[in-house]
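Engineer: My questions are about this predicted structure, shown below with the sequence.
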Amino acid sequence: MDDFTLRQTKLLQILDKAELPLSGKQLSEQLSVSLRTVQNEVKAVNQGPLGKIILSNNYGYCLDRTPGRDLSVLREPLSCTESDIDLTTLLKLLILDHTSIHFDALADQLYLSSSTLTRRLGKLEELLKQYQLTLNRKKNLLSIQGNENNKRQLIYDMIVRETNANFHSPEKLRKYFANLNFVRIQEIVIAAVQSRNYYLEPCHTSNLIINLMVTLSRIRNHFPMEYPELSMPADSTEYLIAQDICGQLGEHWSISFQEEDIAFIAILITGQIKSSFQQTDLEDREHLLFFIQKIILETFSYYALEFQNETFLANFVHHIMALIQRARNHQYVTNLVSENVRELNPFIYDVSVHLAHILEKEFQISVIQEEINLLSIYIGLMLHPSFGKDQVRALLICDEYHHIAEYLTQRLSHDFSAKLQIVDVLTHIPGNLSAQNVDLILHTIPLHILGARTLLISPFYQKSDFLAVENTLNQLLLEHQHLRRRSLLLTYFDPALFFRNQGLRTKEEAIRFLGNHLENMGICQKGFTESVFRRESLSSTCFFESFAIPHAIELNAKLTLFCILIEEEGILWDDVKIPCVFMIAVRQADNPAFSEIYSSTIDFLCDKTALNQLTAAENFSAFIHCFE
């Protein structure tokens, strides 16, 4: 187990003891980390010496227990010296507590053997490379070398990873900033912002304050930063707020801030604050707000989406305006609430990617993953609540005694107006009763009809009846959706666009192969393939490390069709091997249906059994049979 970190070892041992698959949420709670961290650790373990030992399915994560797989190594007891240390501990000692430390002193402090510490330092060097930093070892003195700005970014990311971006508990930050008072800094920042008639949103507050604490700590410990040429006007609101903050912090902790420090903190503030006033006299700001609103409305129109109300739209416009400011100053928000939008609602996420692409093009900025996630949250909140077009058609059979039929009809119609349509009410059981025209028979009289879905409820309609009806309706609606989606997908397959075992091994080869076929057949215009590559560069279209659904940014094909590739030996797609690719071309007239097509495909492919059947399909007929 030497090749795994402490957290990875714990992850493996938790899964080894589990009798059933554990969800990402369950693992994140047991490991006290975020869901994203769990996903990253699973990926890291599967790339380790044991190979892909952790499997994932619709129920969660589990170990690969196929015959011949030796799991005994997971049950070996860990020595204290190897289990008490991970990269975070090493980083804290090397970058926070010391400018340099002797190799032997570090080994003694961590109770590690020289060989174990050497291995850990090797892993640390790999991490440092991501920040363009190096681990220097001169005469056995260890130190981290590189640009101070990169060091600060590393410290910030380290804190975010370990605290799960939850800075509301000051105790979590004391081991990083023992001599800094989080609460006091927060009070100073909020007071300075409010004094200028601005405010900080909760999701921005933690991000700003933790950045300030990193900056303040480094200045106090005499780690000056070689600031790039800063262009922050001294009369700007951000600069004035930064000046107020530095004045208060300097007085409280006896620190002298340079002009460059103030300008840098002003940049940190940029895009994080909002005006307390609803009106502004700046015409250019009004023009920008109008232009952003136009982009949003055009994006929604492109996908045939409708938003709920003007308030959501106004809030979204201001959010994007702040996003543009953050992007221009390379300051971004960390918000773990939005981490799993891509998997939970892939269509909304895809709309967000499209919107991010337009913002990048119009404003010459780069929109990072976390910002796309937040766009998804806003778009999800703006859309009309959808209860689906389906309703369960039901027949109600009950006694007429004391108007029970009328009472039940009113209660059921009130509670389930969006899901249930009562097509008829019978007060007796006819001899030729048939369920051909209904999905469900609700009855207070005992009966049994072969082949019909029935539910016995009480004439008093108690809470248990409500729950039973709700559960049955939900099951039936899911079945309807499943059947409708399978039927929908069948209309978009063509035998000329089905390919199997073409010997393609990389994402680039697969996209080029499928895209060229769609172009050569005249289904898509020239340039479609390059648009698919651009969309892929914005965010991967691979889902659950199992399948990919690449598509172009523009939905302007002549026909809506899938181009299918199945490779039994797997296609390397973003560091994982997947067996199938469903490239989709969408014509503009089908844009309103794109949400249903996209979601239906993902919904079907998430079924591991269905995915395995598709992968095993020897020809197009067998492939189509999987959907029937």
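Structural biologist: Great, that's in hand. Numbers count the residues shown, from 1 in each chain.
Engineer: mind exporting the strand of greatest length in the chain as PDB, just the C-alpha atoms?
Structural biologist: Longest strand in the chain by number of residues (criterion: DSSP state E): strand 561-573. Extracted in PDB, the C-alpha atoms of strand 561-573 (Å, rounded to 0.1, in the frame of the first residue of the first chain):
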ATOM      1  CA  LEU A 561     -28.900  11.800 -36.400                       C
ATOM      2  CA  PHE A 562     -26.400   9.800 -34.300                       C
ATOM      3  CA  CYS A 563     -23.200   8.500 -35.600                       C
ATOM      4  CA  ILE A 564     -22.200   5.500 -33.500                       C
ATOM      5  CA  LEU A 565     -18.800   4.000 -32.800                       C
ATOM      6  CA  ILE A 566     -18.200   0.900 -30.700                       C
ATOM      7  CA  GLU A 567     -14.700  -0.200 -29.800                       C
ATOM      8  CA  GLU A 568     -14.500  -3.300 -27.600                       C
ATOM      9  CA  GLU A 569     -10.900  -2.600 -26.800                       C
ATOM     10  CA  GLY A 570     -11.800   0.900 -25.700                       C
ATOM     11  CA  ILE A 571     -11.100   4.400 -26.800                       C
ATOM     12  CA  LEU A 572      -8.900   6.600 -24.600                       C
ATOM     13  CA  TRP A 573     -11.000   9.600 -23.700                       C
END
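Engineer: mean confidence score for it?
Structural biologist: The average pLDDT within strand 561-573 is 92.
Engineer: Which elements pack onto that strand?
Structural biologist: With contacts taken as 3 or more C-beta pairs under 8 Å, 6 or more residues apart in numbering; DSSP states H and E, strand 561-573 sits against strand 498-500, helix 507-520, strand 576-585, helix 608-616. The C-beta positions use only the backbone N, C-alpha and C, and glycine is treated the same way.
Engineer: now, of these, which is deepest in the fold?
Structural biologist: Ranked by mean neighbour count, these are led by strand 576-585 with a mean of 22 (mean count of other C-beta atoms under 10 Å).
Engineer: Measure how far it is from the centre of its chain, please.
Structural biologist: 20 Å (C-alpha atoms, centre = their mean, to the nearest Å).
Engineer: in the next helix or strand along the chain from that strand, what's buried?
Structural biologist: Proceeding N to C from strand 576-585, the next assigned helix or strand is helix 591-605, under DSSP states H and E. Within helix 591-605, the residues scored as buried using 16 or more other C-beta atoms under 10 Å are 591, 594-605.
Engineer: other SSEs contacting helix 591-605?
Structural biologist: Packing partners of helix 591-605 (3+ C-beta pairs under 8 Å, 6+ apart): helix 346-363, helix 463-490, strand 576-585, helix 608-616.
Engineer: so which of the ones you listed comes closest to S23?
Structural biologist: helix 608-616 (15.1 Å; C-beta to C-beta).
Engineer: for that closest one, packing partners?
Structural biologist: Judged by 3+ C-beta pairs under 8 Å, 6+ apart, the packing partners of helix 608-616 are strand 561-573, strand 576-585, helix 591-605.
Engineer: Now that helix: average pLDDT?
Structural biologist: The average pLDDT within helix 608-616 is 87.
Engineer: After the helix or strand containing I262, which helix or strand is next? Please name it.
Structural biologist: Using DSSP H and E, the secondary-structure element containing I262 is helix 259-269. Scanning forward in sequence from helix 259-269 by DSSP H and E, the next helix or strand is strand 273-275.
Engineer: who touches that following strand?
Structural biologist: Defining contact as C-beta atoms under 8 Å, 6 or more residues apart in numbering, one finds that strand 273-275 is touched by V193, N197, Y198, Y199, L200, E201, H204, T237, E238, I241, H318, A322.
Engineer: nearest to N46, of these?
Structural biologist: H204 (35.2 Å).
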